[in-house]
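Novice: The following block contains a protein sequence and its predicted model.
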Amino acid sequence: MDAASVPGPLALVGGDELNPGNEEQDRVLVAAAGEGPSFVLATATARGHTEATVRHATQWFSQLGLDVEELPAIRRRDVTSAQIAARARTGKFFYLVGGDPGKVPTTLAGTPLWESVISAWLDGAALAGSSAGAMALGEWSLTGGGGADHTGRRFAAGLGVVRNIAVIPHLDTFGGGWVAGALASKPREDAVLVGIDERSAALWQDRTWRAYGPGGVTVFTNELRSRFHGGEVIVGMPMPSLKSGGSTDRSGT
């Protein structure tokens, strides 16, 4: 990132993406994309439904005036490909869809493709993740925890685009069941949990986090819980890392 570069918007979406109710945050992302190449990353769906998800994303964003295509990011040969990484570097819009929370960081971390995505975002491209995609963008992703109640999740390394947070998506549905266990097992005392309702987002732009969508964003810091609704400035979330590769940057505030 050179001195003249300004990072693009960054959206953490609570799930049920690519469906009505997501228009508010998605229009911000689409506006930032301009005329550049726009990509959906289906990494989280690597164990199935990739083609259907990409088709759904294409149809959804077409309604908002944006043509998107898949950026292959499923297999090791995808994320290490110099050709795909070079294509990613030209991108102006990147959307990581939901699926398997553990798959995204383990596939993308430290790869040429992810380095290109982060470099493009630092130069102004829009970057978003929903559900598992949003979880991966934090310092930690809550993985595991099978069963009907979705409990028993553990903190695993995320991609670190936003330092010191773990995202709990689907907060208004099954994600609410993760909160107590996550608070009790935080990897650091000062770790922040960010709960996001479905079809809603915490969106960072102009160095400020705001809540978007019909639901809300809840920030959990130790014993405090702060709830934010559409348009409100979110207090208590760390700023994103502004370092190439998305590595954690503890110099920010």
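Specialist: Sure, I can see it. Because the structure is a prediction, the values reported are computed rather than measured.
Novice: Return the longest helix seen in the chain as PDB; C-alpha atoms alone will do.
Specialist: When the chain is scanned for its longest helix (criterion: DSSP state H), the result is helix 50-63. Output in PDB follows, covering the C-alpha atoms of helix 50-63 (Å, rounded to 0.1, in the frame of the first residue of the first chain):
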ATOM      1  CA  THR A  50     -19.800 -24.500  -4.800                       C
ATOM      2  CA  GLU A  51     -21.400 -24.200  -8.200                       C
ATOM      3  CA  ALA A  52     -24.800 -23.400  -6.800                       C
ATOM      4  CA  THR A  53     -23.400 -20.800  -4.400                       C
ATOM      5  CA  VAL A  54     -21.500 -19.100  -7.200                       C
ATOM      6  CA  ARG A  55     -24.600 -19.100  -9.400                       C
ATOM      7  CA  HIS A  56     -26.600 -17.600  -6.500                       C
ATOM      8  CA  ALA A  57     -24.000 -14.900  -6.000                       C
ATOM      9  CA  THR A  58     -23.900 -14.100  -9.700                       C
ATOM     10  CA  GLN A  59     -27.700 -13.700  -9.800                       C
ATOM     11  CA  TRP A  60     -27.900 -11.700  -6.500                       C
ATOM     12  CA  PHE A  61     -25.200  -9.100  -7.400                       C
ATOM     13  CA  SER A  62     -26.500  -8.800 -11.000                       C
ATOM     14  CA  GLN A  63     -29.700  -7.400  -9.400                       C
END
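Novice: can you start the count at 52 instead of 1 from here on
Specialist: Yes, from this point I'll number from 52; that puts the last item at helix 101-114.
Novice: Would you mark the buried spots in that helix?
Specialist: Thr101, Thr104, Val105, His107, Ala108, Thr109, Trp111, Phe112 (16 or more other CB atoms under 10 Å). In short, each C-beta sits where N, CA and C put it, glycine included.
Novice: Need the max-distance pair from those residues.
Specialist: Spanning the widest gap among the buried residues of helix 101-114 are Thr101 and Phe112, at 16.7 Å by CB to CB.
Novice: a helix runs through Gly211, doesn't it?
Specialist: No. Per DSSP: H, G, I helix; E, B strand; the rest coil, Gly211 lies outside any helix segment and is coil.
Novice: Show the low-confidence segments of the chain, by residue range.
Specialist: Within the chain, the stretches falling below the threshold (pLDDT under 70) are 52-55, 97-98, 196-203, 295-304.
Novice: can you give me the strands for it?
Specialist: Secondary structure of the chain (DSSP state E): strands located at 61-64, 89-92, 120-121, 144-147, 177-181, 189-195, 204-208, 213-219, 243-247, 252-256, 259-263, 267-272, 275-280.
Novice: nearest to Glu74, of those strands?
Specialist: Nearest to Glu74, of all the strands of the chain, is strand 259-263, at 9.6 Å by CB to CB.
Novice: and the closest one, how far from the chain's centre?
Specialist: Here strand 259-263 is found 14 Å from its chain centre; the criterion is CA atoms, centre = their mean, to the nearest Å.
Novice: next one: stretch 129-144
Specialist: Averaging C-alpha positions (CA atoms, centre = their mean) puts stretch 129-144 18 Å from its chain's average.
Novice: Stretch 205-223 now?
Specialist: Computed by CA atoms, centre = their mean, the chain-centroid distance of stretch 205-223 equals 9 Å.
Novice: which of the residues in that stretch are buried?
Specialist: Of the residues in stretch 205-223, those buried (16+ other CB under 10 Å) are 206-207, 209-223.
Novice: got a list of what the closest residue to Asp241 other than its chain neighbours touches?
Specialist: Distance criterion CB to CB, 6 or more residues apart in numbering; nearest residue to Asp241, sequence neighbours excluded, is Asn215 at 6.7 Å. Contacts here follow CB atoms under 8 Å, 6 or more residues apart in numbering; on that basis Asn215 touches Glu190, Arg239, Asp241, Ala242, Val243, Pro289, Thr299.
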